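Participant: the sequence isn't on hand, but the structure is:
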């Protein structure tokens, strides 16, 4: 069975990305792998809170647990629509992590959202969608997301 890799950043974009992935999955009989790429842990972190209130490893662990819970809830909403869904959380560089997962599951297609940031942001940083289109060896569906 072909698989669809739907990539979400747990923002408002997730709803539109999931809608597109669900439509492809329903039409093709595919399973959806729902991927969230979490930010990597910083090289330096504090170990406890003092008067300066530094970021700690425990803080990051709680963030990851929250992100995983939110991803499971998002996956459940998709499953309630009759789509087989596998929630996944990865850590690392976003584009490289997405491409690695797409190869691992032999994805039929990658579905991502784009927020349509301004020209300066695009010039300085580019976009995940643009980098995926250039680097992927499989189709990439870019879903425009209108900020609410």
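Facilitator: Happy to help now that I have it. Predicted model only: the values in this text are computed from it and were never measured.

Participant: which stretches of this structure aren't confidently modelled?
Facilitator: For the chain, applying pLDDT under 70 flags the ranges 1, 41-56, 115-126, 147-148.

Participant: can you map out the helices along it?
Facilitator: 13-28, 57-79, 94-105, 119-125, 128-135 (DSSP state H).

Participant: quick check: bridge partners of residue 112?
Facilitator: residue 142 (DSSP bridges).

Participant: against residue 32, how distant is it?
Facilitator: Residue 112 sits 13 Å away from residue 32 when distances are taken as C-beta to C-beta, to the nearest Å. C-beta here means a position set from N, CA and C on the backbone, and glycine is covered the same way.

Participant: residue 19 too?
Facilitator: From residue 19 to residue 32 the distance is 11 Å (C-beta to C-beta).

Participant: of these two, which one has the most company?
Facilitator: Higher neighbour count among residue 19 and residue 32: residue 32, with 25 against 14, using other C-beta atoms under 10 Å.

Participant: mind listing what that one touches?
Facilitator: For residue 32, the contact set (C-beta atoms under 8 Å, 6 or more residues apart in numbering) comprises 3, 4, 5, 6, 21, 22, 25, 78, 83, 84, 85, 86.

Participant: one more time with 7 Å, if that's ok
Facilitator: By C-beta atoms under 7 Å, 6 or more residues apart in numbering, the residues touching residue 32 are 4, 6, 21, 25, 78, 83, 85.

Participant: just the buried residues out of those residues, in PyMOL syntax.
Facilitator: To isolate the buried ones among the contacts of residue 32 in PyMOL, judged by 16 or more other C-beta atoms under 10 Å, type:
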select buried, resi 4+6+21+25+78+83+85
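
Participant: format the contacts of residue 32 as TSV; extra columns: distance to residue 144.
Facilitator: Shown next, in TSV, are these (distance: C-beta to C-beta, whole Å):
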residue	distance to residue 144
4	18
6	15
21	15
25	20
78	20
83	22
85	23
